[in-house]
Structure formats: structure tokens, C-alpha cells
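>>> Provided below are the primary sequence and the corresponding predicted coordinates.
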Amino acid sequence: MTQQLKPGENTALTHTQGKVEVTHKDGDGLDVNLTAFLVTDAGKVQNDEGMVFFNAPVHPSSAASFIEPARDSGQVKHAISFDLNRLPAGVTKIAISLTQDGPVGGFAAVRDLRARVIAGDQVLELVPGAFDQETGIIVLELYVRGGQAKARSVWQGFASGLAGLCGMYGVEVDDAPPAPAAAQPPASPVKLTKTVITLEKPGTTHKVSLEKGPSAPKVIKVSATWVDNGDGCDNDDLDLRIGILRPDGRMSIIQAPDKSGAFTADPYVLHTGDVVSASATAPGTETVEINPAISRLLGGRVALVCSVYSAVDNGDVEISSLKPKMRMEYGDQVVECAFEFKKGGFFNSSVYTYVLGTVVVDGDEITISPSGTTSRSGSEATPWLTWKGDKLELTMDGPYVFKGHPPERMGNKQYV
């Protein structure tokens, strides 16, 4: 029995034991590696043992085991076996990821990339979208929800490679593990303590200095997460939308899948993919990757407004009940904007947009601030930014933007 899963789709598994296989064409300069992360409801590993890869091939619980890559007829096969019945207490999901660390660029150089899940006589074919300079990919997730084993196709790419994936899942590493070599004994990941700052009150700010030199982090990552509110309705599909205020005062917008942007070309912000569902055990996460040189490349100070929205046709839902949160990562510095929800307009089910926070990149400095601003009841108007001297002004009167359609003009406001 074979079934195809598109990115964002999930299905029940008929068996809790099985194998994940990822294949691609071999090629000079490629260094593709598979890694599994065993994570909790919070999306984090419990300890360093939660990372299963070539240097740590078997999880202590035997819930996941790394299988050495095999090459045959110009194809490379990566695989990992799983047994969801053996997930240790507190661990609810296995995330399967890939990284490409070779000198030939990101996953654009990896041809015929495919993945499949084999569980008994059930075969799930996971076909990816197109990738460009991404060096890390979350391929799929295996998890248990309501006693049912499930698989979700993800195919979410990152420009930050293994270091970015480790940061997302809470694995503390100095550097990405070295490529496997038969002459070297297995080594354990080494720890690095990340600095995490949590901002909860609108108006507060935190500044992060951009580093210089070849060892400087190559990406600023901003993500939004949310959970299912448990109301039994299929209305937990939020979307991360980024408004970009350019140095010349014009606004641009980034959202998936139709306005995903670009990391190495204007507007130097890349949305890594649409996520269509969330649960209490598998939160929804959408991420954008910002080029640290965006201020220099666009010619001056750049401000970004990060919001989550739920379209009218998703049905009524209190966005606050989905507990949206923003996270900015740059190297080992992490800033979270976790708004303290209080009763008020934000609990209105016809409020469709919530602003998580703003990020300003000005030369060698990043400034992050939480917001908590919402759209008016019944309005799908979008966030709009304006500079008033040195003060960033946020209003909720930007043009309506619908997936697959150009923005509607509102007065003199128009996204470019």
C-alpha cells in the first residue's frame, strides 16, 4: 500500500515500527547527512542523547537507530529505523532532518531527492518542493497523537545547516559534528550554552550585535510557533507573515507559499515554507531566514514586523488560544517574544491577525521588541510600518493580502 504525502500533510501509520529512507543522486562535493532529533512537546531534546546521527547511532531507548549510508548505481541511500513504542517518557516526536555541508552549495546541488516511510506493508512517498541555498532540511516528523502513530511530511529548509537545526531542537553544540570517517572513533557532541532572553511586555527591547569575519553566524532566523487549542476544530492553521520596511520607506511582504522571498537576493528574507496544522504534541512552526547583511544590501536601516494570521475561511478561532510565540536566533543568542495574554479584544474569534514583534536591522545591530498589537475585529488589514524620526510606528491599516493574489491598494499604501 503506497501513499503520497505533500509537504504539510500527515497520515496514520499502520505500524509503530519501521524505517525512513532518504535517497538522492551521488555527486562530487556533496556531503549529505541524516540526523534524527527525539523531542518533547516543547520541541526540544531532553539531553544530548536526543540527537541520533553517525557519531551517536542509537538512542538509549532504541526508539531510533542510524543506518550507515549505502551507495549503489550512482544513488545514495540514508536511513534510520524507528520504534515509536519505545519512545521514552516525555518524548513525543522524532524529527528526521538532512544537512548538506559540501562545497557545492546548498540542496540545489542535490538531485532526485526523495524520502519514504516504510511501516509494515505501508509505504509513504514524500516528494519535496524545490530547494536553493538551504543547507538544512526538516524532512518529516514521526509522532504519537491520541495513541495513534502518525507521520507528517515537512520539507522545511534552513540556510543555517546543522547548527540551526540543533539550535531549534535545543542541542547545545560548539560546531556541527565532523563528517564521519572510518579511522576516527565516535565522538560525543560538545556543549555550548546559549543565551536566551525572554521579552513579554510591549515596548521592551533587546539589542544583539552582528558579528564580523568568516566565523560570524550566516543567518538571522525568526520563527513563529503555535499549538492546537484542543477545541476539536480544524482551525489551527496560522501563517507567519513578515512586513519589510525598506530604507526608502516602501513596504514589502513575505508569506508562504506565494511570496516566499529570497535569502541571497532582494528582499534578503526567505520564508522557508508553509505549515498547515499544529497539535498539542507537535506545535506548528513557520520560519523566515534573514540575511545578516540586509541593512547594507538594501542601503540602510531595515525594520521587519512579524505577525501570525488566520484567514477568514479558516473559521472562527481565538488566536490567543493557540499561544503564538516568536523566537529570534542569531548564533548562540536567542530572544523570545512571549506575550502575556490577557482578556480583551485579542480573545475575540473575529480578530485575524496578531503582531508577535518587530526586528530592526541597522548596520551591525539587531533590535527586537514584542508587540501584542492585533487587527480590528472582522478586519483582514495587515500590519504597516513607518518611521517617525527614530521611532518605529506600527499601524494595522496595511492592504489586504490573500494567498495567490496581489495585495489590494488601501489609500496610498501598497506593498512592493
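That came in fine, so what should we check first?

>>> and residue 86, backbone torsions?
In terms of degrees, to the nearest 10, the main-chain angles of residue 86 are phi -100, psi 0.

>>> correction: the previous question concerned residue 102.
phi -70, psi 170.

>>> who are the contact partners of residue 263?
Under the criterion of C-beta atoms under 8 Å, 6 or more residues apart in numbering, the contact list for residue 263 reads 132-133, 159, 219, 269-270, 289, 291. Every C-beta, even on glycine, is put in place using the N, C-alpha and C of the backbone.

>>> excluding its backbone neighbours, what's nearest it?
If you skip the residues right next to it in sequence, residue 263 has residue 270 as its closest partner in space, 4.1 Å away by C-beta to C-beta, 6 or more residues apart in numbering.

>>> again, but for residue 40
Using C-beta to C-beta, 6+ apart, the closest residue to residue 40 is residue 90 (5.2 Å).

>>> from residue 21, how far off is the most centrally placed residue in the chain?
For the chain, the residue sitting closest to the mean C-alpha position, by C-alpha atoms, centre = their mean, is residue 287 at 3.8 Å. Relative to residue 21, residue 287 is positioned 26 Å away (C-beta to C-beta, to the nearest Å).

>>> which elements pack onto the longest helix along the chain?
Longest helix of the chain, by residue count under DSSP state H: helix 161-169. The criterion is 3 or more C-beta pairs under 8 Å, 6 or more residues apart in numbering; DSSP states H and E, and the helices and strands that helix 161-169 contacts are strand 32-39, strand 93-100, strand 136-145, strand 220-226, strand 325-330.

>>> buried ones in whatever helix or strand comes next after that helix, by neighbour count?
Moving toward the C-terminus from helix 161-169, the first helix or strand encountered (DSSP states H and E) is strand 195-199. Residues of strand 195-199 classed as buried: residue 199 (neighbour count, 16 or more other C-beta atoms under 10 Å).

>>> report the strands that pair with strand 195-199, each with its relative direction.
Using DSSP bridges, the neighbouring strands of strand 195-199 in the sheet come out as strand 333-337 (parallel).

>>> ok, residues contacting the strand it pairs with?
Counting by C-beta under 8 Å, 6+ apart, the neighbours of strand 333-337 from elsewhere in the structure are 167, 194-200, 206, 208, 325-328, 356-357, 368-371.

>>> name only those of those residues that count as buried.
For the contacts of strand 333-337, a neighbour count by 16+ other C-beta under 10 Å gives the buried set as 167, 199, 206, 208, 325-328, 356-357, 368-371.

>>> reformat those as JSON lines; add pLDDT.
Below are these laid out as JSON lines (pLDDT from 0 to 100):
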{"residue": "167", "pLDDT": "82"}
{"residue": "199", "pLDDT": "84"}
{"residue": "206", "pLDDT": "90"}
{"residue": "208", "pLDDT": "90"}
{"residue": "325", "pLDDT": "83"}
{"residue": "326", "pLDDT": "87"}
{"residue": "327", "pLDDT": "87"}
{"residue": "328", "pLDDT": "89"}
{"residue": "356", "pLDDT": "88"}
{"residue": "357", "pLDDT": "91"}
{"residue": "368", "pLDDT": "94"}
{"residue": "369", "pLDDT": "92"}
{"residue": "370", "pLDDT": "89"}
{"residue": "371", "pLDDT": "89"}
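
>>> need the max-distance pair from these.
When these are compared pair by pair using C-beta to C-beta, the farthest-apart members prove to be 167 and 371, with a separation of 23.5 Å.

>>> in the stretch 301-416 of the chain, where is pLDDT below threshold?
Residue ranges of the stretch 301-416 of the chain with pLDDT under 70: 311-322, 339-350, 403-406.

>>> which outside residues touch the longest helix of the chain?
The set of residues external to helix 161-169 that reach it, using C-beta under 8 Å, 6+ apart, is 33, 35, 37, 39, 43-45, 50-51, 95, 97, 99-101, 135-136, 138, 158, 160, 172-173, 175-177, 194, 219, 221, 223, 329, 334.

>>> and the one helix or strand in the chain whose mean pLDDT sits lowest, how far out from the chain's middle?
Taking mean pLDDT, DSSP states H and E as the measure, the helices and strands of the chain show their lowest mean at strand 195-199, namely a mean of 75. A distance of 19 Å separates the centroid of the chain from that of strand 195-199, by C-alpha atoms, centre = their mean, to the nearest Å.

>>> give me the number of neighbouring residues for the residue nearest to residue 40.
Other residues within reach of residue 90 by the criterion other C-beta atoms under 10 Å amount to 11.

>>> could you number the chain from 545 rather than 1 from now on?
Okay, using 545 as the starting number, the last item reads as residue 634.

>>> pLDDT wise, what is it at?
According to the prediction, residue 634 has pLDDT 90.

>>> how near is it to residue 714?
Between residue 634 and residue 714 the distance, using C-beta to C-beta, works out to 13 Å.

>>> ok, now residue 620?
Taken as C-beta to C-beta, the span from residue 620 to residue 714 is 29 Å.

>>> residue 616 now?
In terms of C-beta to C-beta, residue 616 sits 36 Å off from residue 714.

>>> for stretch 836-845, C-alpha coordinates in CSV please.
These are the backbone C-alpha positions of stretch 836-845, laid out as CSV (Å, rounded to 0.1, in the frame of the first residue of the first chain):
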residue,chain,number,x,y,z
PRO,A,836,22.6,39.4,8.3
ALA,A,837,23.8,41.9,5.6
ILE,A,838,20.3,43.0,4.7
SER,A,839,20.9,46.6,6.0
ARG,A,840,24.0,47.0,3.9
LEU,A,841,22.4,45.3,0.9
LEU,A,842,19.3,47.4,0.9
GLY,A,843,21.1,50.6,1.7
GLY,A,844,20.2,51.4,5.2
ARG,A,845,18.1,50.7,8.3
